[in-house]
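*Asks:* coords below, sequence missing:
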């Protein structure tokens, strides 16, 4: 790693991504000096995030250079990605040469399906946390978890905290602090509702109910994907 | 306002937007129940954010319905927007019928150029804060500032805090807390560098130096735009 030399970074976008898993870290990492950040898709066709935001990759997976950092975001669409052999092969190949693989939210499960989590400390979105063990991961209930060249951020907005940590690793604390200032990232959440441990019980129940069907389908996919490893 | 009835919301995207000013609030507001969020551009042609992310509007300004909430994000491209008569007319017209106008970061300056800030409490990104007064605003150094139907968030990531406040206004605290949980928004910034008041002096100086030329051009534009009001 170190602070010298041009950095080539890239992140995947895909149908039904949760766009904030990508756009949060992009905001941080695309500010790094002497660095390039590629927006990568299976093809360069536009994709829609789970709530309808259109994102357009500039580089197809097959044309991507070896990356120093690969960002793997999550979202409802990871259900399909975990069984997409082409995507998993891309992640595996990039991970072999990358200095860092950085998963955000349920992007960790895609890394798991690619075989990257075996014996590694990892985290993911709270609602899918129980799925990490199927991939042989050592689940850690923390906001950002680092194990060697793997950095996992928990759900969605934790990608900002993870990306600032990654920025500091890659370019030093001074640069990361400058980016934090530029983004005016001095959060003042209006509620204490950001984790299952702090959210009101009724709020947690309501979110679990909303996610139940998606999570049930996901668990079956995780089991199948894990069986293939 | 109140918690009943379908909500029609929309946000502007434009060349050299800071994508996080848009994508952060989108992540929150697009989760509101019984609501539609339109991604609006001058046309439906794709635009590039200041760091190269391609965003594609689905609705052209001329075709947009009257919105209940209009999101006005910022970024380097506000320099052009503040003198774009078509955009300013759109904002002015929408603001006349909207329940809420929500500016993020330097989106406040565009609202100012549209004449919305006169005598109103407002905030913006720390580096452009001194420009608010030219539009007759009452500058308030706070993360989220509400004045009647105008809500202003400060720089970039403050849009998340502002959007959660807006979500609570529109659909109640229970819904907003559920969204915060879904996003796992329990921030743990790795540094205390998110405001000019807390950042190390050398970090602040470095960011001011980086922004100096952009801010000098912006100040001239603000003065011209203010003179037109």
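*Replies:* Received it, and whenever you're ready, just let me know what you need. Small disclaimer: the values here were computed from a predicted structure and weren't measured.

*Asks:* from here on, just use CA atoms for contacts and neighbour counts.
*Replies:* OK.

*Asks:* and the helices in chain A?
*Replies:* Remark: helices assigned in chain A by DSSP state H are A:19-29, A:78-81, A:85-97, A:107-113, A:158-171, A:173-182, A:201-228.

*Asks:* quick one: closest of those helices to chain B.
*Replies:* helix A:173-182 (4.3 Å; Cα to the nearest Cα).

*Asks:* in contact with the residue most central in space within chain A, which residues?
*Replies:* Nearest to the geometric centre of chain A sits residue A:104, at 2.2 Å (Cα atoms, centre = their mean). The neighbourhood of residue A:104, defined by Cα atoms under 8 Å, 6 or more residues apart in numbering or on different chains, consists of A:21-22, A:71-74, A:124, A:152-156, A:158-159.

*Asks:* scan those and report the most crowded one.
*Replies:* Highest neighbour count within the contacts of residue A:104: residue A:73, with 35 neighbours (other Cα atoms under 10 Å in any protein chain shown).

*Asks:* dump the residue contacts of it.
*Replies:* Taking Cα under 8 Å, 6+ apart, we find residue A:73 in contact with A:11-13, A:17-18, A:21-22, A:103-108.

*Asks:* and the pLDDT for it?
*Replies:* On pLDDT, residue A:73 comes in at 98.

*Asks:* before we move on, what about the one 3 residues further on?
*Replies:* You'll see residue A:76 listed with a pLDDT of 98.

*Asks:* same deal with residue A:44?
*Replies:* pLDDT recorded at residue A:44 is 98.

*Asks:* what of residue A:3?
*Replies:* 49.

*Asks:* again with the one 10 residues further on
*Replies:* You'll see residue A:13 listed with a pLDDT of 98.

*Asks:* ok, how many other residues are close to it?
*Replies:* The local packing of residue A:13 (other Cα under 10 Å) involves 30 other residues.

*Asks:* likewise for the one 10 residues further on?
*Replies:* Residues contacting residue A:23 under the criterion other Cα under 10 Å number 26.

*Asks:* list the contacts of it.
*Replies:* By Cα under 8 Å, 6+ apart, the residues touching residue A:23 are B:19, B:20, B:23.

*Asks:* can you tell me which of the helices of chain A is most buried?
*Replies:* Of the helices of chain A, the one with the most neighbours on average (mean count of other Cα atoms under 10 Å in any protein chain shown) is helix A:107-113, at a mean of 31.

*Asks:* what mean pLDDT does it have?
*Replies:* 98.

*Asks:* about what we covered before: can you say which of the helices of chain A is nearest to residue A:6?
*Replies:* When those are ranked by proximity to residue A:6, the top entry is helix A:158-171, at 10.6 Å, counting by Cα to Cα.

*Asks:* nearest spatial neighbour of residue A:46, skipping sequence neighbours?
*Replies:* Leaving aside its chain neighbours, residue A:46 sits nearest to residue A:56 (4.2 Å; criterion: Cα to Cα, 6 or more residues apart in numbering or on different chains).

*Asks:* hang on, isn't that neighbour packed against residue B:57?
*Replies:* No - Residue A:56 sits out of contact with residue B:57 when judged by Cα atoms under 8 Å, with a separation of 11.6 Å.
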